[in-house]
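Based on what follows, work out the 3D shape:
(chains A and B)
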Amino acid sequence: MRRLRLSTISFLNTRPITYGIERGLVGKDRFDLTFDLPARCAAAVMSGEADLGLMPIASYGASTTELRIVPGVAIASRGPVRTVMLMGEVPREEMDSVVLDGASRTSQLLIQLLLRDRGLAPAFEQADHDRVVERIAGRRGGLLIGDLCFSAGRRFPHVYDLGAEWTERIGLPFVYAAWIGRPGVLLPGDIALLQESLSLGLRNRPEIARLWAERSGEDKALGEGYLTENIHYELGARELCGAAAFLERAHGAGFLSSKPVLRLFPSEIRPAAKSESPHNPRESSLDSLLSDAATGQRLSFDEGVRLYESASLYDLGLAADARRLALHPHGVVTYIIDRNVNYTNACTTACQFCNFYRPPGDDRITTLTRDELAHKLQETVDLGGIQVLLQGGVNPELGLDYFEDLFRWIKANFPIAIHGLSPEEVRYLAEREKLTIAKVLERLIAAGLDSVPGGGAEILDDEIRRRISPRKCSVATWLDVMCQAHRLGLRTTATMVFGFGEKAHHVVGHLHKLRALQDETAGFTAFICWSFQAEGTKLLLRDDTTATRYLRTLALARLYLDNFPNVQVSWVTMGPAVGQIGLRFGGNDFGSAMIEENVVAQAGAVFKLSAADIEGYVRAAGFTPRRRNMRYEWL
Amino acid sequence: MTFAAIASKVRKGALLSHADGLALYQHPNLLEVGALANEVRERLHGDRTYFNRNLHINPTNVCVASCKLCSFSRRRADAEGAFVLGVDEVVDKLRARLAAGDRVTEVHVVGGLHDGLPFDYFTSLLVALKAAAPGIRLKAFSAVEIFFFHHLYGMSVEDVLRRLQAAGLDSLPGGGAEVFSSRVRKAICPNKCGAEEWLEVHSIAHRLGLKSNCTMLFGTVESLAERVDHLLLLRAQQDESGGFLAFIPLPFHPENNALGDRPAPTAAESLRTIAVARLLLHNVPHIKAYWVSLGLATAQTALWFGADDFDGTVSEEKIYHQAGSLSPQALASGEIARLVRAAGRVPVERDTLYGHVPTAEGEAV
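Okay, here's the model as predicted:
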């Protein structure tokens, strides 16, 4: 077996990542490790001297070579980072020039973006990594990265932490570096080894800090605090959103020539049932289960079922609220302004619970004309909308070329993101055009598709789907479309509609499937659930769809989906009162100030809220409202 | 006072202070306040959640008070939409419900302050209702109406109450309390009786053996401190006369009235007020989640925030619906029981005095 050449950086913050490999505890026969400066590390990957590098994220964005990112491992911050700092003898407003540390392209781009946002435009000069400090003088500031910041930070009166500044502005983590390489270089098992090396490192942070302190003469507690409080090593959906936001801004500001898409190495598909720890025969108490879940420990399937069936509304709510607070400590509740446009009501799937569709051949079929669409989209833009949620019907009259034309036309005429075509619609296009799902998605992306809505999931259980929506895609297909979309760099949402007479194990099974896929792809940005709106549909169910069941389900989802960054409340279906209360049951997002919603409205949901209404509800619940885009980046 | 200290006072059964009440209103985590109120609720009532079969009748909407908070009233008897129901019309409403097989146990009667009706109208109404359904309980006339009768007919409050009681009155509803602060009353209901009169009416009623409810209309112009003042006045009154059965917090509804430009209190504020009331009013046995005013979803959720009563089947409610309430006009008793069970509580059908009424929908206590 050929050995994999890894190029890494020699900073304190990289040591946990390489810990297991450096000590030969992990991948001894598989990896060769060399230490470089960040920019060198990228060059080694580009030139083929290394297979995988702990590369700055900006180098990934600037690369013309096709690259992939290893899931799960990154150097990131969720606030102050302490080792990417602007320093000077004068405040930044008074700096005429800033010396940039040549070692890291990411920090260089970050400071230029952040200063520009503040309306500051100093001249920039380059210097070698260890020559920056000595050049800081008078009105010349300097950007320092790495361990140097600890000692240098004490020497200057004006010090700015760029990690803190990014997260305060955008609300998302900042990703500095990740394992990056060319597609195809990894063998099955490599990703698990890289993740294992990090896990060992995280457990041994005290030792890493001690060795560093001995070598550098710095304080061990300082190093340990830094590795624990400041640097975060997870690369999940929130981090990917943060990285995408950064690269998109860098592109928008002209620093990157193309708009980069974040693509991950596909990780091995682990069968969901086996990824769980074996069931503990000595059942833990409900209380300890709840407190484990509240602190972010993963729930097993059985534990999920137990909580859903036995925990009280309060206990679930308090645990979910604690989890929400840990994930979103800033007390911000986000929302988006977008418009839900149902481009056609023709639909072949004939779901029992739907009140909106008309079967092909029906004389009440309407497909929106370009004029009608133009009117709706212009109105959306005029009202501050930044996105259109485009969903059908599955209309056999409309082929892939229809959507390609439509998306290109939208992008050419309106400054608006396209969140469009749920998995069933994508699947249908693949079948109709005799193309793979990946090919359909690639063509839609090329035409302007930005993200995929998670609709049509209902309950991800084939038995229930056969009963309520027999012609809609299977569980496997729904998950496959999402998986393919994530692999192509799209972010998507995931939904669940309950109240079809399903049992606790169906609900938890649904969450379990989503969580397993999210482990693989980290492509879901948010989970949204609501109860079935029965009025006027063909399903005559009397399942529990009341507010308290919704709140219990929402709270369980927040606890079970430990790898989902966001949970949306659904005021459109549940009403604003329940939506607002949901913010204390795990929800951190109020959804959309929707300009239009047809499908649920036909089944009796009548709530309409403006952005001001939403902000009022959010404030009255004790949170700060912020507008966001689809990636949950603050605007 | 920290939240933990307040919680420990609650658990020890110590009296909460005005500062405690304010701190509970201002505590950042609604769920923690709710959980504490829920402890008290479960200590008093376990999972039991009371409801009754009732009929709301508003005999007239003619009202001389012209309160800014009201969307229901008409100033003059000849104004458009003004009505006065005849005694027979009122009784027919009850008869229709009974004939449909609905075993109504209580009639709730409140109306406008009509200065052109004889006192006999009201006593005849009670007599006729009792005659139509002898076992039925009559919960009628808020303190504001009683006090108005005292003025209009030149009788003492006690005489008014005695004569109504003799005609069949069983208890007083809790309406018209709004917020006791005179500043607030001047702003929203200047022509209604003041706090002292309201409390005096209830005090006399309790002395005469009548039970009553009490309310607070929140979300107009009052401060949090004024809400706490209001609750503590009720608590003091209850210590003295002891006849309050239930406290009912009423969020203000802004449509079709003169205060319409302000937003209605949201669900979070309603749940908070229910929880704070449960904690401050240790001596009032029941806290009611009045679904007509809260909406079904919030009322159901309130059963975990201190409320133990879902009110009743209602039917014919007009006052809140004129102000934009989107809740249904009536709920079947089975529907109430289903909502209560879905919340994980046990529905118990009650009569006006919280005696247990054994029925299929409610469960044994």
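
from here on, contacts and neighbour counts on C-alpha atoms
Will do.

how about the residues of the stretch 251-365 of chain B near chain A?
Applying CA under 8 Å from any CA of the partner chain, we find that the stretch 251-365 of chain B lies next to chain A at B:266-269, B:297-298, B:300-301, B:304, B:339, B:342-343.

quick one: contacts for the residue nearest the centre of chain A?
Per CA atoms, centre = their mean, the C-alpha nearest to the average position across chain A is that of A:A237, at 2.9 Å. Counting by CA atoms under 8 Å, 6 or more residues apart in numbering or on different chains, A:A237 makes contact with A:522-525, A:563-565.

With distance to chain B, pLDDT and neighbour count added, can I get these in CSV?
Output for the contacts of A:A237, formatted as CSV (distance: CA to the nearest CA, whole Å; pLDDT from 0 to 100; neighbours: other CA atoms under 10 Å in any protein chain shown):
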residue, distance to chain B, pLDDT, neighbour count
A:A522, 31, 90, 28
A:G523, 31, 93, 30
A:F524, 28, 95, 31
A:T525, 26, 95, 23
A:N563, 24, 92, 22
A:F564, 23, 95, 26
A:P565, 21, 94, 22
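
Please pull up the helix or strand immediately following the longest helix that chain B contains.
Looking across chain B with DSSP state H, the single longest helix is helix B:224-241. As assigned by DSSP states H and E, the chain's next helix or strand after helix B:224-241 is strand B:244-251.

hey, C-alpha coordinates of that following strand in PDB?
Included here for strand B:244-251 are C-alpha records, laid out as PDB according to Å, rounded to 0.1, in the frame of the first residue of the first chain:
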ATOM      1  CA  PHE B 244     -61.900  33.500  44.800                       C
ATOM      2  CA  LEU B 245     -62.000  30.200  43.000                       C
ATOM      3  CA  ALA B 246     -59.900  31.000  40.100                       C
ATOM      4  CA  PHE B 247     -57.600  33.600  38.600                       C
ATOM      5  CA  ILE B 248     -57.900  34.200  34.900                       C
ATOM      6  CA  PRO B 249     -55.200  36.200  33.100                       C
ATOM      7  CA  LEU B 250     -56.600  37.800  30.000                       C
ATOM      8  CA  PRO B 251     -54.200  39.000  27.200                       C
END
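
Taking strand B:244-251 as reference, get the angle to the helix or strand following it.
Per DSSP H and E, the first helix or strand lying C-terminal to strand B:244-251 is helix B:267-280. On the basis of axes from the mean of the first three to the mean of the last three CA atoms, to 10 degrees, helix B:267-280 is oriented at 160 degrees to strand B:244-251.

Packing partners of helix B:267-280?
helix A:576-582, helix B:18-26, helix B:30-45, helix B:224-241, strand B:244-251, strand B:286-287, helix B:296-302 (3 or more CA pairs under 8 Å, 6 or more residues apart in numbering or on different chains; DSSP states H and E).

make it 7 Å
Contact partners of helix B:267-280 among helices and strands, from 3 or more CA pairs under 7 Å, 6 or more residues apart in numbering or on different chains; DSSP states H and E: helix A:576-582, helix B:18-26, helix B:30-45.
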